[in-house]
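Peer 1: model the structure of this input:
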Amino acid sequence: MNFVGSHILSVSQFDRPAIESVFSVADAMEPYAQRKRVTRVLEGAILGSMFFEPSTRTRVSFGCAFNLLGGEVRETTEIKATAIAKGESFYDTARVLSGYSDVIVMRHELEGSVAEFASASRVPVLNAGDGANEHPSQALLDLYTIRKELEGRGKTIDNLRIALVGDLRYGRAVHSLVKLLCLFTNVQFTLVSPPELALPTAYLDAIRAAGHQLVESTQMHSSISNADILYVTRTQEERFPSLAEAAKYKGLFRLNQATYTQFCEPNTVIMHPLPRDSRGDANELDNDLNENPNLAIFRQTDNGITIRMALFALILDVVDEVDKHSREVNWYTSRRLS
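Peer 2: Sure, this is the predicted structure:
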């Protein structure tokens, strides 16, 4: 895969060598993400950040990743704050904003919208989530987290045992992660969801075509006892026809410390693409897990910075220049290194 100047719209663009390239660069970004060093390699470059759906981690993470490479961020966070609300087409918006930016990150509620926008853009566009379709950078950071967590246990992504629990129908992070995992060998998938929220057929077919093991279940407790990774998702209520419909499924699968202790292996890693829904009617990942050392959700978010830094460095062709424009930080940073 040639990253330089490329759009990142789907994980289907990646093969294993491309994934390893991203991970290798992400490893090299850690001193900057941890504020041990600072680089100005992208000084003068501008990221156009266009988030037409609510976002905290992804939007801020992309912006911070670009800032940590020395670039600047210009962003819009609501459709009503843009000319799209006045009827402007994606084509016109893309032509205009790509004249203002060196690279663009976009999130939108419609499937395929980011690809449509990218087709008119004069600069690279990264898909930060298009409806229930895909979320490539989330899948890459999830896979990177899985690799790092397994390394400490003497395991690899090949031969992984993963249980995916919750809303698998609308969960775009799950969709993209499944696609990436299909590139590896002998992965054991356990899919836990209500029948109405099962993983779409296209992804089931991809798992089978790749020769992986697949078990589907509607019962969580009996399905999570043999997993290296337990990946929990929230009910994607914003994708449902109504909140009343979504409410039928909230809270069906709840993981707390007691359930973990009783049903999971002692070293099973808990992951979640976040946000976890901590409201009483949902609470799919209880706060009593916060002190569990196998809870990796905040390591995931930290890894999101390095992965997104790596994508920017690869796309803008500065991988070999990052260290040349760096120095040690001159402010207090010890709290980040604990």
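
Peer 1: and the closest residue to I315 other than its chain neighbours, what does it touch?
Peer 2: Excluding its sequence neighbours, the residue lying closest to I315 (Cβ to Cβ, 6 or more residues apart in numbering) is P124, at 5.0 Å. (Each C-beta comes from the backbone N, C-alpha and C, glycine too.) Shown in contact with P124 (Cβ atoms under 8 Å, 6 or more residues apart in numbering): G5, S6, H7, I8, V103, I104, I315, L316.

Peer 1: out of the residues you listed, who's nearest P194?
Peer 2: Taking Cβ to Cβ as the measure, P194 lies nearest I8 of the contacts of P124, at 32.0 Å.

Peer 1: how much space between the residue nearest to I315 and V232?
Peer 2: Using Cβ to Cβ, to the nearest Å, P124 is found at 32 Å from V232.

Peer 1: that older thread, of the contacts of P124, just say which sits nearest to G152.
Peer 2: I8 (28.4 Å).

Peer 1: so that closest one touches L311, yeah?
Peer 2: Yes - counting by Cβ atoms under 8 Å, I8 does reach L311; the two are 6.2 Å apart.

Peer 1: give me the common contacts of the two.
Peer 2: Contacts common to I8 and L311, judged by Cβ under 8 Å, 6+ apart, are L126, S137.

Peer 1: for S49, helix, strand, or coil?
Peer 2: Using DSSP: H, G, I helix; E, B strand; the rest coil, the structure places S49 in strand.

Peer 1: check contacts around it.
Peer 2: R59, F62, G63, V73, R74, E75, T76, I104, V105.

Peer 1: what about 7 Å?
Peer 2: R59, F62, G63, V73, R74, E75, V105 (Cβ atoms under 7 Å, 6 or more residues apart in numbering).

Peer 1: can you list the residue ranges for helices in this protein?
Peer 2: 16-33, 57-68, 90-97, 113-118, 136-151, 172-181, 201-209, 243-247, 257-263, 297-315 (DSSP state H).

Peer 1: pLDDT below threshold where in the protein?
Peer 2: 78-86, 335-338 (pLDDT under 70).

Peer 1: pick out the residue nearest the middle of the chain.
Peer 2: Q138 (0.9 Å; Cα atoms, centre = their mean).

Peer 1: just give the nearest non-adjacent residue to that one, would you?
Peer 2: A173 (4.6 Å).

Peer 1: likewise for V25?
Peer 2: Going by Cβ to Cβ, 6+ apart, V25 has A310 as its nearest residue, at 3.8 Å.

Peer 1: if I pick the nearest residue to N127 once chain neighbours are set aside, what's in contact with it?
Peer 2: Residue nearest to N127 in three dimensions, not counting chain neighbours: V114, with 4.3 Å by Cβ to Cβ, 6+ apart. By Cβ under 7 Å, 6+ apart, the residues touching V114 are L9, M106, H108, V125, N127, D130.

Peer 1: show me which of those residues are buried.
Peer 2: L9, M106, H108, V125, N127, D130 (16 or more other Cβ atoms under 10 Å).

Peer 1: can you redo these as a markdown table with distance to L285?
Peer 2: Shown next, in a markdown table, are the buried ones among the contacts of V114 (distance: Cβ to Cβ, whole Å):
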| residue | distance to L285 |
| --- | --- |
| L9 | 29 |
| M106 | 28 |
| H108 | 27 |
| V125 | 32 |
| N127 | 26 |
| D130 | 25 |
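
Peer 1: in those, find the pair that's most separated.
Peer 2: L9 and H108 (12.1 Å).

Peer 1: domain parsing of the chain, as residue ranges.
Peer 2: Annotated domains of the chain cover 11-135+302-337, 136-298 [automatic domain parsing].

Peer 1: possible to save those domains as TSV with distance to M1?
Peer 2: Shown next, in TSV, are the domains of the chain (distance: least, Cβ to Cβ, whole Å):
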stretch	distance to M1
domain 11-135+302-337	4
domain 136-298	12
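
Peer 1: got the contact list for the residue nearest to Q138?
Peer 2: H135, Q138, A139, D142, P273.
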